[in-house]
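In: Sequence first, predicted coordinates after that:
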Amino acid sequence: MPSYLTIRRDAEAEIEVKRSRFLCTLERVADEAAARAVVDRLRREHWDARHHCSAFVLGPPPVPVERSSDDGEPAGTAGAPMLEVLRGGGLSDVVAVVTRWFGGTLLGAGGLVRAYGDAVREAVAEAGTLRRSLVREHLLVLDHADAGRVESDLRARGVVVLDTGYADRVTLRLGVPPEEEARLATALAELTAGASTTAVVGERWVDAPA
């Protein structure tokens, strides 16, 4: 089943190197516009900082979108090592912004590379990770009298319920890995005495259950 990692929660981490402060803000984002909006917001919030370096990775493998910016630091000393930390962790759908307040002492290229990379590593450790998987969307339509019982039982069996809609009947939208579809069919046959089946309506990426 295709899958990849992203961060479990947004996070911040700060390190200090020779009186320079490096604050890494790590946030989950859905697209490039959202990633750039995070950079712009932090630039406004921390207007007194000298640099707001960034890196982001978006989308599933094998060809995610990757961007980085040194924002005035020497070329290759900030955005690239930040991006390498995200790559090394196999992370996607995430933007990292490291805001630097200069402490008066030059760190040199090697010192900058280490500092920017370490700030991102600290934030990743704080954020934690979770796996996103590609599932097929199944629609299941039930009578109101049966819906609560069936939904509860499906959740207990580990089936991901993406959405529940209420009208004349109840519609459950289920996220099912392809290899689990036969098990779902068997469960529904047991729970509804063979009266209900699902229809596949598409695919989507979803977070794995906690």
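Out: Here it is on my side, so go on. Numbers count the residues shown, from 1 in each chain.
In: Show me what the mean pLDDT comes to for stretch 180-200.
Out: Across stretch 180-200, pLDDT averages out at 90.
In: go on, stretch 104-123?
Out: 96.
In: what about the longest helix in the protein?
Out: Secondary structure of the chain read by DSSP state H shows that its longest helix is helix 108-127.
In: So for the longest strand along the chain, mean pLDDT?
Out: Longest strand of the chain, by residue count under DSSP state E: strand 129-142. Mean pLDDT, computed over strand 129-142, is 93.
In: how distant is the helix or strand that that strand is followed by from the center of its chain?
Out: Using DSSP states H and E, the helix or strand that follows strand 129-142 in sequence is helix 144-156. On the basis of CA atoms, centre = their mean, to the nearest Å, helix 144-156 sits 29 Å off its chain's mean C-alpha point.
In: quick one: the strands in this structure?
Out: Counting by DSSP E, the strands of the chain are 3-7, 11-17, 20-28, 51-58, 65-69, 94-101, 129-142, 160-166, 170-176, 199-207.
In: in stretch 187-204, what's buried?
Out: For stretch 187-204, the buried set under the neighbour-count rule, 16 or more other CB atoms under 10 Å, comprises Ala187, Leu188, Leu191, Thr192, Ser196, Thr198. For the C-beta atoms, the positions are set from N, CA and C on the backbone; glycine is no exception.
In: Output it in PDB with nothing but the alpha carbons.
Out: Once non-C-alpha atoms are left out, stretch 187-204 reads as follows in PDB (Å, rounded to 0.1, in the frame of the first residue of the first chain):
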ATOM      1  CA  ALA A 187     -17.500  -7.900   7.900                       C
ATOM      2  CA  LEU A 188     -20.400  -6.300   6.200                       C
ATOM      3  CA  ALA A 189     -21.900  -9.600   5.300                       C
ATOM      4  CA  GLU A 190     -21.800 -10.500   9.000                       C
ATOM      5  CA  LEU A 191     -23.100  -7.200  10.300                       C
ATOM      6  CA  THR A 192     -26.000  -6.700   7.900                       C
ATOM      7  CA  ALA A 193     -26.800 -10.300   7.100                       C
ATOM      8  CA  GLY A 194     -25.700  -9.700   3.500                       C
ATOM      9  CA  ALA A 195     -28.100  -6.800   3.000                       C
ATOM     10  CA  SER A 196     -25.500  -4.000   2.500                       C
ATOM     11  CA  THR A 197     -22.500  -3.700   0.200                       C
ATOM     12  CA  THR A 198     -20.200  -0.700  -0.600                       C
ATOM     13  CA  ALA A 199     -19.500   1.200  -3.800                       C
ATOM     14  CA  VAL A 200     -15.900   2.500  -4.600                       C
ATOM     15  CA  VAL A 201     -16.100   6.200  -5.400                       C
ATOM     16  CA  GLY A 202     -12.400   7.200  -5.500                       C
ATOM     17  CA  GLU A 203      -9.100   7.300  -3.700                       C
ATOM     18  CA  ARG A 204      -7.500   9.600  -1.100                       C
END
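In: Now do the contacts for the residue lying closest to Asp48 once chain neighbours are set aside.
Out: Of all residues not flanking Asp48 in the chain, Trp101 sits nearest, at 7.2 Å (CB to CB, 6 or more residues apart in numbering). Contacts here follow CB atoms under 8 Å, 6 or more residues apart in numbering; on that basis Trp101 touches Ser20, Arg21, Leu23, Asp48, Ala49, Arg50.
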